[in-house]
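Colleague: Predicted model, plus sequence, below.
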Amino acid sequence: PTAPPPRALGPPPLGSVGAAPRAEGRPRAACPEQEECSVSADTVLTPLRAALDSCRATVQKQVCNDIGRRLTVLEDAWAQGKLSAPVRKRMSLLVQELQQQHWDAADEIHRSLMVDHVNEVSQWMVGVKRLIAETRDLPTGE
C-alpha cells in the first residue's frame, strides 16, 4: 500500500486516533493534494481566535467566553482525531471566507457542515456561527 489513504466519505470509525481515518470509497477531486486534506488545527484555530479577540472590545464578555469555550472544544476534537477530513477541509474554507469578509459564503459553509456532519460539529459550531455573526457586525475601518 504505497498510495495515500482514501479520503473519508463518512464519519471516522469509532476509536480512530490517526490524523487521516481510513475509509472505503474513492478519493474525491475536491482534495487533489495531500497537504490540502491534512489541514492543521492552527490553520483554522488561529484565525478564529484572532477574530474572537477583535470582537472582545464590542461584544459582551459572557458571549466571548462562550465562543472561546466552544473553540476549545473544536481544538480538542481536532487534536483527538475526531474530525473527518471533509469537516477539517470545510473548516479551512470557512476560515478563508471569514478572513476575506465573505460573510455569506462563511455562513453557507457553516450551514452545510451542520446539515452534513451534525454529529461531528454540533458541540462547537454554535460558537463558530456566533463568531461569524459578531465579526460581521464589527465596525469597519478600525
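Modeller: Yes, it's here.

Colleague: now for the top helix by length along the chain, which elements pack on it?
Modeller: Among the elements of type helix in the chain, defined by DSSP state H, the one spanning the most residues is helix 61-79. With contacts taken as 3 or more C-beta pairs under 8 Å, 6 or more residues apart in numbering; DSSP states H and E, helix 61-79 sits against helix 41-55, helix 125-137. All C-beta spots, glycine's among them, are computed from the backbone N, C-alpha and C.

Colleague: Check which residues of the shortest one are buried.
Modeller: Neighbour counts over helix 125-137 (16 or more other C-beta atoms under 10 Å) mark 125, 126, 127, 128, 129, 130, 131, 132, 134, 135 as buried.

Colleague: How about the longest one?
Modeller: Neighbour-count burial for helix 41-55, counted by 16+ other C-beta under 10 Å, picks out 41, 44, 45, 47, 48, 49, 51, 52, 55.

Colleague: Quick check: nearest residue in space to the fourth one, chain neighbours excluded?
Modeller: Sequence neighbours aside, residue 95 is the residue nearest to residue 47 in space, at 4.8 Å (criterion: C-beta to C-beta, 6 or more residues apart in numbering).

Colleague: Show the model's pLDDT score for the one you found.
Modeller: In this model, residue 95 is scored at 97, pLDDT.

Colleague: element containing the most centrally placed residue in the chain?
Modeller: The centroid of the chain falls nearest to residue 91 when counting by C-alpha atoms, centre = their mean (2.8 Å). Following DSSP states H and E, one finds residue 91 within helix 85-99.

Colleague: Mind checking what helix or strand follows that helix in sequence?
Modeller: Immediately after helix 85-99, counting by DSSP H and E, sits helix 103-116.
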